[in-house]
Each structure stands twice: as C-alpha cells, then as structure tokens.
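Student: model the structure of this input:
(one chain, ligands or ions: 1)
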Amino acid sequence: MGELHIQNQVQTLRKSFQRGILKTQKQRIALLSSMQKWIVEHEKEIAEALDKDLGKPFMESYLAEIQFILSEIHLVKKKLSSWMKAKKVSTNLLNLPGKSEIISEPYGVVLIFSAWNYPFQLMMAPWIAAVAAGNVTVLKPSELSPHTAQLIEKMVKDIGGEAALVIQGGADRAQQILEERFDYIFYTGSTLVGQKVMEAAAKYITPLTLELGGKSPCIVDRDVDIEESARRLVSGKFFNAGQSCVAPDYILVPREDLSTWTQVLEETIQQFYGTDPSNSPDYTRIISDRHMTRLQKLSEHPQAMQIGHPQVQQRKMAPVIVPNISWDEPLMKEEIFGPILPIIAYDSMEEVFDKIESREKPLALYVFSKKKSFADQVIARLSSGSVCVNHVILQITNPNLPFGGVGHSGMGRYHGYFGFETFSHQKSVMRKPHSFNPITAYPPYEKKEFLPKLLKKFQAFF
Ligand code: NAD
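Tutor: Take a look at the predicted model:
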C-alpha cells in the first residue's frame, strides 16, 4: 500500500463524513449495536487471537478486553442521547437578550493508533468513543499483535461500512499515515513514539490525545494487612505478565517491613501461579523476543529473586522480585512493562515524596493504607494520571472516571463520557434576537462614555 493509496482511502472516508454518515444518533447507535453484536458473536475468535498474540488466559481476555468493551458500548448507547444534546448555559448580562449553548460537534476524520498489550480493548475503546461523537475513523493496530490486528480488520470490513477502515503495518506505515491530514489523532503507546506523533500532528495543528506510559509507583504504609495487600498488588502487577500501562511498576515499603513484604510477595505469586509460573496457563506470554531479551537483561540483578524458570522459546518470563533496590539503578530508569517487581525500602515519607516528585509524572499511583489521612496526603502531594487506594489497576474500569496521563504519561482522557468529549469539538453558540439590541458600542464612540462608566460601576454583574 503506497502513500497515494492511503491518501485515497482517507479522502473516501472524508467524503463519507461529509455525506453525514454518522451525523444522527440513530446512525451512531446502529454502528455501536453492530459492534456489540459482532463482538458477542466472535468472542471465541477474539480470545483465540489474543491467545495467539500473547498467550492470554481466557479469563484475562474476557475481563480486560471483551467484557470491558461490551460494557463501554452498553453505557454509550444508554447515554448517547443526553450527551449529544446541546448544553444550554446562562448568558451574561452584557449579552442579554440572548441565548447560549454548547454543541458537541464531531471533528471529522480521526486516526487511532493502538498498542499491543491489550490489542483489542485499546483499539475498540477509542473507536467506540469516536463513533459516539460522530467521527469516521482510520484504525492502525499494533503490528506486534498481528492476529488481533487481522481480526480487527475483519471486524471493520464486516460492520464498519464507509465509517471506518484499518491500515496495517509498523513504524514506516505509521509515518506514512501521519503524512495525511486528520481532524483528530488518538495515540496509545510509548512516550518516545508519542513525541513523534505529536510532531507530525503539529504540521496541520491537529488536536490529539496521547495515552502513554511511565513508572507507576505503589506506596505502602506501615500497619497494613500485608497478605491481603500483596494479593491485590500481585493480581494487578502480574495480570498480562506485567504488560499493563497502569501496572504498579515498583513498590515502596517501610524499611522495617522489607523482608516480610519480600517473603509474602513470593508466597503470593506461588499461590496464584504455582512454583513455576511460566508453566501456568494463567500466566501471559511476553509479546516479542526483543521485549523478552530486554526484560531478562533488566532482571539481571544481584538481589533478584526469580520464581520458577523462564521458558525463553515460549517467551514465558519467570516473575522476578528485586528487594531493596536503590533509586538510581537501571531498573528504576525505564518503565518495566513486564513481570519484574522492584521493592524500595523507605525511611520517611518526605524521602518518598522527594524522589517521586523529581521524576516524570506517573500514569497511575497506588497507595495501601488503613488511614484515610495517609492516602489523602499522598493524593494531595503527588501528581499522577490516576490514583487507586488499597487496590491496583481497578480505577480504569470505572467509566465514570477519566482515564489518561499527565505530563510524560500523556495528555487527554477517555472512557465513558470523557471519550465522547475527547472526540467532540465543543462549539460555542450564542443566539441574539434579530430586532432588539439594547447595549451597543458602535463607533463613533463620542457620547458613549457612559458605557465604560456603567461597566466599571457594575462590573460584577456583567
Ligand atoms: P509503541 O509506541 O511502540 O507502538 C504503539 C503504536 O505506534 C503502534 O501502532 C505502532 O505501530 C505505532 N508506531 C510505532 N512506531 C511509530 C512511529 N515512528 N510513528 C508513528 N507510530 C509508530 O508502543 P508499544 O510498545 O506498542 O506500547 C508500549 C507502551 O505503551 C508502554 O509505554 C505503555 O505504558 C504504553 N501504553 C499506554 C497505554 C495507555 O492507555 N496509557 C496503554 C497501553 C500501553
């Protein structure tokens, strides 16, 4: 597929948009319903594709990819009519008589890039939001999860009609696509590539959302129930073999609890996945040889405790705990994005705040504590895309909370209404009566000095 072909495809899509293919609520609901039906009918194929790409257990595929998306569609269909309504707002005194409202207007042709770690969910969730808002879409799945990417292409061919198309390929193809002019770009992936996408968007001043990653810390207070906290932490950290953008990247525990935490974490991993987790059917594969090599290199550490043995050929990485590491080690420099859990022992919360504040703002922040005041202090002091107290990763499953990063972990948000809002331009509309216009400030300004005086006097009311 050459550049000209991409250009033609985007142009065709633009014509569909101009014809009003997703203008009405009925048209949008019809496409959302087709997605819903297709997903329900192809649940088995979706799980199989995810299994081929990542060796995902059905439970994880169902919860994080299929069910997640079905409930998003359900919510959007239920709420769309109220979201689409123009929002009446009050009109200030200066502009009376008049009426004001905000209209959510689709951008037009949008481009969505997704990552490979939840390859179905990360493509579907923004697509649902884009359709809800009335946009036509170019979908570019990750080349690292080819089975899911093929299935998405089939799905879009089956039900997308003239409202969407899929372009497959890697970085070169992505750059070719970015040569085209879009009305909105929604990107999920690494910060480094996100920067390139932002550069490309600048050419046409295209608005964009960047859903990126980073190192998400988990701060543990003294006196927590270590066994229960460890279960929640391990369930989120090793879900998808640690390849989750919101996975806790490292944990901070009070120094006196370091050895207990290390032991309980090891036991918990074994309770969940057995003594040799890479043999467990419930434990996901690493996406590629390159990532497997990167992770194995990262886990080469004198304190590393490997649980079981890796199966390198199958890209099954053994979980690794690295107790008592320091802030300046390689493991603390890049996002881990795999099943390695470093533990940092802390002496004071001031030290924890200083260290986290001196780094890029994380996508997620986790706190385990019995005390509300402890969690409140962390929430008030540290900036992050989201926070979850006494659990991990679950915050992203509440559609009433916006999902997105801040600073290097991203910009923009989606899920539920926030997705609809992201893919809509908020157009301000003021309507004035045709025949009545009491306050005028037309030139010549002579004899109208009363107006600034009046405004000055009653500033608060205007
Ligand atoms: P990636 O940046 O390598 O790839 C993501 C997408 O960008 C793919 O579709 C890919 O083909 C495309 N791409 C690659 N090179 C490109 C280029 N030069 N120009 C334009 N597009 C290009 O990311 P990844 O490895 O798939 O994902 C891992 C990263 O994504 C991690 O940092 C993770 O934290 C982050 N992530 C974030 C979220 C989130 O919602 N915030 C979700 C999943 C993953």
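Student: and stretch 374-393, how far out from the chain middle?
Tutor: Stretch 374-393 sits 17 Å away from the centroid of its parent chain (CA atoms, centre = their mean, to the nearest Å).
Student: which of the residues in stretch 300-311 are buried?
Tutor: His301, Ala304, Met305, Gln306, Ile307, Gly308, Pro310 (16 or more other CB atoms under 10 Å). (C-beta placed from N, C-alpha, C; glycine too.)
Student: meant to ask about stretch 309-328, not that
Tutor: So, applying 16+ other CB under 10 Å, buried residues of stretch 309-328: Pro310, Arg315, Lys316, Met317, Ala318, Pro319, Val320, Ile321, Val322, Pro323, Ile325.
Student: who are the contact partners of the last one?
Tutor: Residues near Ile325 by CB atoms under 8 Å, 6 or more residues apart in numbering: Tyr250, His301, Gln303, Leu331, Met332, Pro342, Ile343, Ile344.
Student: OK, contacts around the fifth one?
Tutor: Put plainly, it is Met332. Lys215, Tyr250, Ile325, Ser326, Pro342, Ile344.
Student: contact residues of this structure facing the ligand?
Tutor: For the chain, the residues in contact with the ligand (CB under 6 Å from any ligand atom) are 113-117, 122, 140, 142-143, 170-171, 174-175, 188-190, 193, 196-197, 211-213, 245, 335, 337, 363, 405, 410.
Student: please repeat the previous calculation with a cut-off of 5 Å.
Tutor: Counting by CB under 5 Å from any ligand atom, the residues of the chain close to the ligand are 113, 115-116, 142, 171, 174, 188-190, 193, 196, 211, 213, 245.
Student: quick check, nearest of those to Phe461?
Tutor: Within the residues of the chain next to the ligand, proximity to Phe461 (CB to CB) peaks at Glu211, which comes in at 43.2 Å.
Student: right, and the closest one touches His415 too?
Tutor: No - applying CB atoms under 8 Å as the test, Glu211 and His415 come out as separate, 10.6 Å apart.
Student: can you work out which residues contact both of the two?
Tutor: Phe403.
Student: which of these two has more neighbours?
Tutor: Neighbours were counted for Glu211 and for His415 using other CB atoms under 10 Å; Glu211 has more, 27 against 24.
Student: could you find the closest non-adjacent residue to that one?
Tutor: Leaving aside its sequence neighbours, Glu211 sits nearest to Thr188 (CB to CB, 6 or more residues apart in numbering; 4.1 Å).
Student: what's around the one you found, how many residues?
Tutor: Using other CB under 10 Å: Thr188 sits among 27 other residues.
Student: try Tyr417
Tutor: 18.
Student: how near is it to the ligand?
Tutor: 17 Å (CB to the nearest ligand atom, to the nearest Å).
Student: so that residue sits against Lys79, correct?
Tutor: Yes - using CB under 8 Å, Tyr417 is in contact with Lys79, at 6.9 Å.
Student: mind showing which ranges of this structure have poor pLDDT?
Tutor: 1-2 (pLDDT under 70).
Student: now do the same contact list for Lys316.
Tutor: Neighbouring residues of Lys316 by CB under 8 Å, 6+ apart: Gly55, Ser278, Asn279, Tyr283, Arg285, Ile286, Pro310.
Student: helices - which of the residues you listed land there?
Tutor: Using DSSP state H, no member of the contacts of Lys316 sits in helices.
Student: can I have the buried ones of these as a ChimeraX selection?
Tutor: Buried residues within those, by 16+ other CB under 10 Å, are selected in ChimeraX with:
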select :55,278,283,285,286,310
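Student: for Val389, state which of the contacts of Lys316 is nearest.
Tutor: Once CB to CB is applied, the member of the contacts of Lys316 that ends up nearest Val389 is Tyr283, at 27.1 Å.
Student: can you pull the contacts of that closest one?
Tutor: Pro57, Phe238, Ala241, Tyr273, Pro277, Lys316.
Student: one more time with 7 Å
Tutor: If you count contacts by CB atoms under 7 Å, 6 or more residues apart in numbering, Tyr283 has them with Ala241, Tyr273, Pro277, Lys316.
Student: ok, now how distant is the last one from Arg290?
Tutor: When you say that, I think you mean Lys316. Per CB to CB, to the nearest Å, Lys316 is found 16 Å from Arg290.
Student: also the second one?
Tutor: Taking CB to CB as the measure, Tyr273 and Arg290 are separated by 24 Å.
Student: then the third one?
Tutor: Taking CB to CB as the measure, Pro277 and Arg290 are separated by 22 Å.
Student: neighbour count winner among the two?
Tutor: Between Pro277 and Arg290, Pro277 has the larger neighbour count (other CB under 10 Å), namely 24 against 10.
Student: for Pro217, name its beta-bridge partners.
Tutor: Tyr250 (DSSP bridges).
Student: I'd guessed it sits against Pro362; true?
Tutor: Yes - at 6.2 Å, Pro217 counts as touching Pro362 under the criterion of CB atoms under 7 Å.
Student: more neighbours: the two, which one.
Tutor: A direct count of neighbours by other CB under 10 Å for Pro217 and Pro362 places Pro362 higher, at 28 against 23.
Student: got a list of what Val392 touches?
Tutor: Here Val392 is in contact with Cys218, Arg232, Leu233, Gly236, Lys237, Pro248, Tyr366 (CB under 7 Å, 6+ apart).
Student: same question for the closest residue to it other than its chain neighbours, what's its three-state structure.
Tutor: Excluding its sequence neighbours, the residue lying closest to Val392 (CB to CB, 6+ apart) is Gly236, at 3.3 Å. Following DSSP: H, G, I helix; E, B strand; the rest coil, the label given to Gly236 is helix.
Student: let me see the contact set for Leu139.
Tutor: Counting by CB under 7 Å, 6+ apart, the residues that Leu139 touches are Ile112, Met123, Trp127, Ile152, Val156, Ala164, Val166.
Student: quick check: bridge partners of it?
Tutor: Ile112, Val166.
Student: could we number from 16 for the rest of this?
Tutor: Okay, using 16 as the starting number, the last item reads as Leu154.
Student: for it, give its distance to Phe135.
Tutor: According to CB to CB, Leu154 stands 12 Å off from Phe135.
Student: what's the burial count for Leu159?
Tutor: 18.
Student: should've said Arg237
Tutor: When neighbours are defined as other CB under 10 Å, Arg237 has 12 of them.
Student: could you do the one 10 residues further on as well?
Tutor: A total of 21 residues lie near Arg247 under the criterion other CB under 10 Å.
Student: buried stuff in the helix or strand hosting it?
Tutor: Assigned by DSSP states H and E, Arg247 belongs to helix 241-252. Within helix 241-252, the residues scored as buried using 16+ other CB under 10 Å are Ile241, Ser244, Ala245, Arg246, Arg247, Leu248, Val249, Gly251, Lys252.
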